[in-house]
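Trainee: model this:
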Amino acid sequence: MLFKKKKVTNGTRHQVNLKKFLLCKKAKIAKVLTFGKKNSQGRGDSLGRITIGHKGGGHKNLFRKIVFQTNNNFSILIAHMYDPRRSSFLSLCFNFLTKKFYNILSTNYTYPGSIIFSFESYPELRLGSHASVLNIPTGSLVHSLNINKKIKYIKSAGTFGVLIQKGLSHCKIKLPSGLVRKFPLSCLCFIGSISNSSHSSIVWGKAGRSRLNNKRPHVRGVAMNPVDHPHGGQTSGGIPSVTPWGIPTKGKPTRKKYV
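Mentor: Next comes the predicted model:
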């Protein structure tokens, strides 16, 4: 749910924030799942070379440990929590079998008190449950695709994939980008879509909030010197658009397309 701030200052004139009154603010039982971690500064070596542009600074925040694969699990959802390091919310769950707490990516329309199943022998097909694609019917919405014990696809707020076809050994899933890709039937995923679907409608309102979020200003290549960027040292035009390392940015694919 979104709300617009009063026009008290220039920074709040167009600011649109997210209401977090339904989120758990203080969960002392989840302290064991958090630990300190240094923010990314965009530098990759000891010489201070920039490997990721427009990163640096930012407010200190804790890292939340998240479980992406829950096999033979019977849990109850306790609370939804905010994670400053990602766009989606987190769900704090308690496993009745292992008697432990853990965090997962929150699913839309799941609420405190919801039961989460994850059994390979008798899967329970409900929102938020974790199961293999083999046991999920065609046409279902899925997220957090898990391949080789690592989550690789559909992790951002409000996104989901659609299971459009199943074969003998592989299935086809439509990703949020529109790309249809093959996956093995043994891969695991959560049923439903990722929470915080109104994340894209948030308006920061001022540059200071972006700096606190570890984002530095974007500088155009034509505004730089030739030593800093291929576009630098001349007026606009006359050269195709490239990255600071000379790779074309328009018209050339940067990754393989799988069908």
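Trainee: so where is the protein shaky, pLDDT-wise?
Mentor: For the chain, applying pLDDT under 70 flags the ranges 121-122, 235-237, 254, 256-259.
Trainee: and if we set it to 50?
Mentor: Applying pLDDT under 50 to the chain flags the ranges 259.
Trainee: sheet-wise, list the partners of the longest strand seen in it with their directions.
Mentor: Taking DSSP state E as the assignment, the strand of the chain that covers the most residues is strand 73-81. Strand 73-81 sits in its sheet next to strand 90-95 (antiparallel), strand 115-118 (antiparallel), going by DSSP bridges.
Trainee: which element follows the first one toward the C-terminus?
Mentor: Scanning the chain past strand 90-95 towards its C-terminal end, the next helix or strand to appear is strand 100-105 (assignment: DSSP states H and E).
Trainee: check what contacts that next one and list those residues.
Mentor: 29-30, 32-33, 64-68, 70, 75, 78, 81, 88-95, 116, 143-144, 155, 190, 194-195 (Cβ atoms under 8 Å, 6 or more residues apart in numbering). Glycine gets a C-beta too; all of them are placed from N, C-alpha and C.
Trainee: let's see 6 Å
Mentor: Residues from elsewhere that reach strand 100-105 (Cβ atoms under 6 Å, 6 or more residues apart in numbering): Ile29, Leu33, Arg64, Ile66, Val67, Ser88, Leu90, Ser91, Leu92, Cys93, Phe94, Ser144.
Trainee: if we can go back for a sec, could the strands paired with strand 73-81 go into CSV alongside distance to Gln234 and mean neighbour count?
Mentor: Formatted as CSV, these follow (distance: least, Cβ to Cβ, whole Å; neighbours: other Cβ atoms under 10 Å):
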stretch, distance to Gln234, mean neighbour count
strand 90-95, 48, 21
strand 115-118, 58, 20
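Trainee: nearest to Arg209, out of those?
Mentor: Closest of the strands paired with strand 73-81 to Arg209 is strand 90-95, at 21.2 Å (criterion: Cβ to Cβ).
Trainee: what does that closest one contact?
Mentor: The contact list for strand 90-95, computed with Cβ under 6 Å, 6+ apart, reads 27, 30, 64, 73, 75-81, 83, 101-104, 106.
Trainee: what's the burial count for the spatially closest residue to Asn61 that is not a sequence neighbour?
Mentor: Distances taken as Cβ to Cβ, 6 or more residues apart in numbering place Pro84 nearest to Asn61, at 4.2 Å, with adjacent residues excluded. Residues lying near Pro84 (other Cβ atoms under 10 Å) number 14.
Trainee: with Thr159 instead?
Mentor: Thr159 sits with 20 neighbouring residues when counted by other Cβ under 10 Å.
Trainee: didn't it look like it was pressed against Pro176?
Mentor: Yes. Under the criterion of Cβ atoms under 6 Å, Thr159 makes contact with Pro176 at 4.3 Å.
Trainee: any chance you could map the helices in the stretch 101-250 of the chain?
Mentor: Ranges of helices within the stretch 101-250 of the chain are 207-212, based on DSSP state H, counting those that start in this stretch.
Trainee: do a quick rundown of the strands in it.
Mentor: 115-118, 130-132, 141-147, 150-153, 161-166, 170-174, 180-184, 188-191 (DSSP state E, counting those that start in this stretch).
Trainee: out of those, deepest packed?
Mentor: Counting by mean count of other Cβ atoms under 10 Å, strand 188-191 has the highest mean neighbour count of the strands of the stretch 101-250 of the chain, with a mean of 26.
Trainee: got the phi/psi numbers for Pro176?
Mentor: phi -60, psi -20 (degrees, to the nearest 10).
Trainee: hmm, I typed the wrong one, I wanted Arg64.
Mentor: Main-chain torsions, Arg64, degrees, to the nearest 10: phi -100, psi 130.
Trainee: contact partners for it?
Mentor: Contacts of Arg64 (Cβ under 6 Å, 6+ apart): Thr34, Asp83, Leu90, Asn103.
Trainee: where does the third one sit relative to Phe35, distance-wise?
Mentor: According to Cβ to Cβ, to the nearest Å, Leu90 stands 15 Å off from Phe35.
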